[in-house]
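**Student:** predicted structure and sequence below. I'll ask about it afterward.
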Amino acid sequence: MTVGNGREDVAALEVRGLSAAYGPYRALFGVSFTVPAGGAVALIGPNGAGKSTVARTVSGLVAATEGRVVLCGRDVTGWPAWRIARAGMAHVPEGRAVFSALSVEENLVLAFRRRAGRGAVGRLLGRAYERFPVLGERRHQRAGTLSGGQQRLLSLATVLVAPPRLVVADELSLGLAPRVVDDVYTGLAELQVAGTALVLVEQQVERVLAMTDQAVVLEHGAVAYDGPSAGAPAALARVVRAAGAQTGRPGSGGLDDEPGRDADQPVGEG
Amino acid sequence: MEQLIGFAVPGIPYGCAYAVFAVGLCLTYQTTGVFNFGYGAQAYASAFLFGWLVDYQGWPSWAAFMVAVVVLGPGLGLVLDRFLFRRIPSTHTTAKIVTGLSLLVGIPALLPVVFGNGNVVGVPSIAFNPDTVYFHLFGMALVPVNGIDLSAAVFTVAILVVLVLLLRTTFLGLEMRAAVESRRLVQLQGVDGDRVTATAWAMSGLMAGLAGVLLAPMEATVQSQDYITLMVAAIAAAAWAVLRSMPVAAVVGVLLGVVGVTLQGYLPTGSIWYSAVLPALPFIVLVAALLLVPGLRRLDASTDPLSSVDPPPPPPVARARAPQIDRLVRGGWWVLLAAFVVSMLTWMPRGWETVLNQGLAYSVIFLSVTLLTGTAGQLSLAQATLAGVAAFTAGQLALHLGLNFLVGGLVGAVLAAGVAAVLALVSLRLRGLGLALMTLAAALLFGAAVFSSSAVSGGTGGIAIRASWLGLDLFAPDGHTYFVLALVVLAVCASAVVLVQRGTVGRLLTAMRGSELGAAGIGVNFPFQRVLVFALSGALAGVGGTLLAVQQTVIAPGQFNYQLSVAFVVVVVTTGVGSVEGAIQAGLGLVVIEELLQYAPTRFDGLAFVLFAAGALTYAAHPEGMVELQKRRWTARAERVLLRHRSGAAAPVPEGP
Amino acid sequence: MAGAPSPAAPKSGASSVDAAPSAGGPPILAVHDLSKSFGGAVAVDGVSFGLAEGESVGLVGPNGAGKTTVFACISGEIRPDTGTVAFAGRDLGRMPTWRRARLGIGRTYQRVEVFPELTVRDHLLVADRVHRRRTALWRDLVNRSAPTADELARTGAVLEMVGLGPVADRPVGALGLGTCRLVELARAVVGRPRLLLADEPSSGLDELETAELASVLRALQRSEGMAVLLVDHDVALVEAVADRVLVMDLGRVVASGTFEAVMAAPAVRRAYLGTA
């Protein structure tokens, strides 16, 4: 890892025995993993395994019931999300994550002001418009009128222009056309070069594993695999098989074997 | 010209009052996402405390102002934020409305309980002296400008400028506008969303307090009624501004006041324009806004991108009871019913029988709330009005055609159903808050323009029901005819509601409540179903209204005003809006508590509504209703105790895997 | 990316933007010259295509290509600026969504639109009764609203087919996203639609759930003879379900043909996959 901030010894993020719940529903059970400074970790697993919950708990949106979250050597467990954000963690939530009633420029100002300070806002705005001319063209347009891809671009722009210490990105590729996904990943790669550590929550497994060196596979809110990315697909397949065995309902027409049967059909139809 | 200006200037304080309230409503909505029905009540609380401190405690005005406005205003706002609105997910529109309505009912009822008196007389002005004529506008003798005009105008312009600058040009304003869209997302930008929202509430509270105290000298007495009426009129101005643009709200508000007072000068006093249309002017303007301003149809389309972070609603305490317990509970209800009937027919004192009879009539009206709000999920603030439509129809038919009052009541119920259907038709494109405002406007229109007309209501005294109109001898001093009649009507109506809830229509309504889009996608005729449920609910309210009229032996407009409609919703929501049981508990509970309070000192008269309002404040957390919640808890507890005992003894029932 | 199409695929279909139904039968759906703009931005720009009876078509394209808008115009949630949508030879004009549904256009939603308080079986029962116009109030009032044996058989059959039998009596609010999508599918199918619109059914599902959904969709299309119009980003799902693929970009249909042919076309690869 080539990291420019001289903090190689301190992990960017350390998650220890993290548990969390939505009201009465428990979602995480003792999740632990570490993101080295400037490193990139993929967080994968089947739907409902708790990937997004890990992201939200780490960033303080959901309160942890147990365990610790350490950001660059600082214990931020129990901090409100806004303090964690100021401490250098940027969480890009899944889906539409802009303020649709505010203009593009107001969205950017809001993001830069607290993270980078009052004086830096003008400079960062200029940089954002230079790098993403489409945002400059639409700076006075309400963010809600942007297309889905542009909205995602807007929320990423705040991170890419003012690189934080750690980015937690949740389902960046969800609902995006493959070409836009390429742009997004290029931006993330640049961030990492700049020394920002990444936690990537993804459904598109191949893609994310290609750019991370370490992967965490979640199953039912617990870690099923934590190691090099190369070993993750096998672990994920195990988890998915186990999930399939559980949901395969007797007497329901054997859903498990249908995909196999079906995969042949288009060829036969040709 | 001079005459026109002369007529118009006295309208300025009213116009400014509307403007100040409308701007406050917009501010609150734009920075907190809540349309605060309790805003007028907050203003009243500050004005009352100010007057009370000055009048009864002899405080100097500045000290009273500090306590009543600078401390109480923001303090109340902070309390509302901390303990109520912060806990309501931003997408839960009904909970926000119900909470606001509870404040509207609860705060004015609470103050007399605390201070022993609801009215304060002759509140001093803190700005210009109300009686001094400061100058004559354009030097015209007909146009004196006194302290009230002056302080209202100066104050309105000042707050408008300050607030617009704050929201549009400061970073705090940007934070507020962002926080209202998503309290979560704003945190990820390093902004303390809770602090921002709390600040917004404190500001809104301060505005309410200021408005309350500044407007107090306009009327001789500080009464909650005036403030709430003022606010309801201000809603019209806020609606034209789509609850957002404060300058628009202010301009419409001022115009509303000025035009109203000017017309008052020009319209002939005896005409229907003067007596019916003029008082209803703000409500006509509100209806027009709801029909014409497209933005009001999308009020509830707030989409917090991070709303899924909020924990899902708590699982309802087991509604399904174990069969043994179910049998026990059902048996219990039958025993209770039998005991009730026997008591009413035998030993119940006359006074209490009357009270409970009234409760039965209320229960029928409340069933209409159960159907509309509980099953269809639509909030209507016009149920008392619909009850009144039927009662007045029956009264007029009896008066002019000599028709039996009960038959007339059925005709009236059909008419009420028709009115409700028309109301549903014109508001087909409105949802949630928009619909609540439309029904409120309809209730006010009827109150101001229809029921107030002596041709309808027979003047302020109302229409006295004569025994000759009733075929049955309902008023016989020792008879129980009324009781039997009310019980039968209630049983029929309750069965109808249960059948509808359990049947296809009930399922359709539940489906529409869950997802309108999904329901349309399978071919549910949404407009028809909505009109149908409104009509049914209107008919129930009408039947209940007729029953209530017979029981009270007089029909007066005051029995059917919008405040009662609001109170109805609050009361039924407390006991349980989802079930027929809830409506009956609400009907009987309300009258019994009110009757018991007769024995308490007069200051406790309003306590019943304080209690129900407090119950309704928990709606967000327990939409099934406070009473219903407790019942379910106790049933679950009983189940545990009884069934542990049983399951230990009995052999386990074989259960399919 | 997933499954690179075989280079041997013919190029002819891909370059054609005349997206008439491939089969010879009468079109069940005919979209003609559809345009819609929001504010100044053109979302859909003169789109025409058709679906034959029983045909399954995938509609793909990058974000902002106008797929969702086309969908909303067909189901009646949005009114197009110009152009017509005809269903089974009948111009739908300004008909509201619910009437289109009664004509036989079923649909599922990208963000699930289920009824959380109703059980799975009630979803189907309601849809079935709406379809057969058995929702009159008087039936409720004379207590004749319990499900008949006939209705139970019909809904039961659909439940089994989709694999929802085990959760039939659970309220849908308590079920997971994948199951909710199946519920939507079953609810749409119970009314025996002639055309099923499926809007991003794989969004938010993992691979296992997507595969399950694909197989159910395909089986339904086969057994019921339904036409299916599918919008999805999941290339594998489109490949598994669609007989024919339409590609949209910038509000226009830029290619149409078999999956392999379309995916091999350079214009499509540029617009959609980002590789030439």
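**Tutor:** Good, I have the coordinates.
**Student:** for residue 174, give me the pLDDT.
**Tutor:** As the question left the chain open, I've gone with chain A. On pLDDT, residue A:174 comes in at 69.
**Student:** I was after chain B.
**Tutor:** Per-residue pLDDT puts residue B:174 at 91.
**Student:** can you map out the helices along the stretch 151-300 of chain B?
**Tutor:** Applying DSSP state H, counting those that start in this stretch to the stretch 151-300 of chain B gives helices spanning B:171-181, B:185-188, B:193-215, B:224-240, B:246-266, B:272, B:281-292.
**Student:** would you mind measuring from residue A:152 to chain B?
**Tutor:** Distance check for residue A:152 against chain B: by CB to the nearest CB, to the nearest Å, it reads 12 Å. Every residue, glycine included, has its C-beta placed from N, CA and C.
**Student:** which segments of chain A make up each domain?
**Tutor:** Following automatic domain parsing, one gets these domains for chain A: A:13-98+A:165-269, A:99-145.
**Student:** as TSV, the helices of the stretch 151-300 of chain B with mean neighbour count would be great.
**Tutor:** TSV is the format used below for the helices of the stretch 151-300 of chain B (neighbours: other CB atoms under 10 Å in any protein chain shown):
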stretch	mean neighbour count
helix B:171-181	22
helix B:185-188	28
helix B:193-215	25
helix B:224-240	25
helix B:246-266	21
helix B:272	13
helix B:281-292	20
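**Student:** out of these, which comes closest to residue A:72?
**Tutor:** Smallest distance to residue A:72 across those (CB to CB): 17.6 Å, for helix B:185-188.
**Student:** what's the closest one packed up against?
**Tutor:** helix A:81-86, helix B:171-181, helix B:193-215 (3 or more CB pairs under 8 Å, 6 or more residues apart in numbering or on different chains; DSSP states H and E).
**Student:** so what touches the second one?
**Tutor:** This points to helix B:171-181. With CB atoms under 8 Å, 6 or more residues apart in numbering or on different chains as the test, helix B:171-181 has contacts from A:99-102, A:106, A:109-110, A:113, B:30-33, B:166-167, B:185-186, B:189, B:191, B:193, B:196-197, B:199-200, B:302, B:304.
**Student:** report the buried members of the residues you listed.
**Tutor:** A:99-102, A:106, A:109-110, A:113, B:30-33, B:167, B:185-186, B:189, B:191, B:193, B:196-197, B:199-200, B:302, B:304 (16 or more other CB atoms under 10 Å in any protein chain shown).
**Student:** so which strand or helix has residue B:340?
**Tutor:** helix B:323-345 (DSSP states H and E).
**Student:** now the element after that helix, going C-ward?
**Tutor:** helix B:350-369.
**Student:** let me know the angle separating that following helix from helix B:323-345.
**Tutor:** 130 degrees (axes from the mean of the first three to the mean of the last three CA atoms, to 10 degrees).
**Student:** quick one: the strands in the chain?
**Tutor:** Chain wasn't specified; assuming chain A. Along chain A, counting by DSSP state E, strands occupy A:13-22, A:25-35, A:40-44, A:64-71, A:74-75, A:89-92, A:166-170, A:197-201, A:214-219, A:222-228.
**Student:** wait, chain C
**Tutor:** C:27-38, C:41-52, C:56-60, C:82-87, C:90-91, C:105-108, C:195-199, C:227-231, C:244-249, C:252-257.
**Student:** check which residues of the fourth one are buried.
**Tutor:** I take that to be strand C:82-87. Those would be C:83, C:85, C:86, C:87, for strand C:82-87 by 16+ other CB under 10 Å.
**Student:** for those residues, which one is nearest chain B?
**Tutor:** residue C:87 (13.5 Å; CB to the nearest CB).
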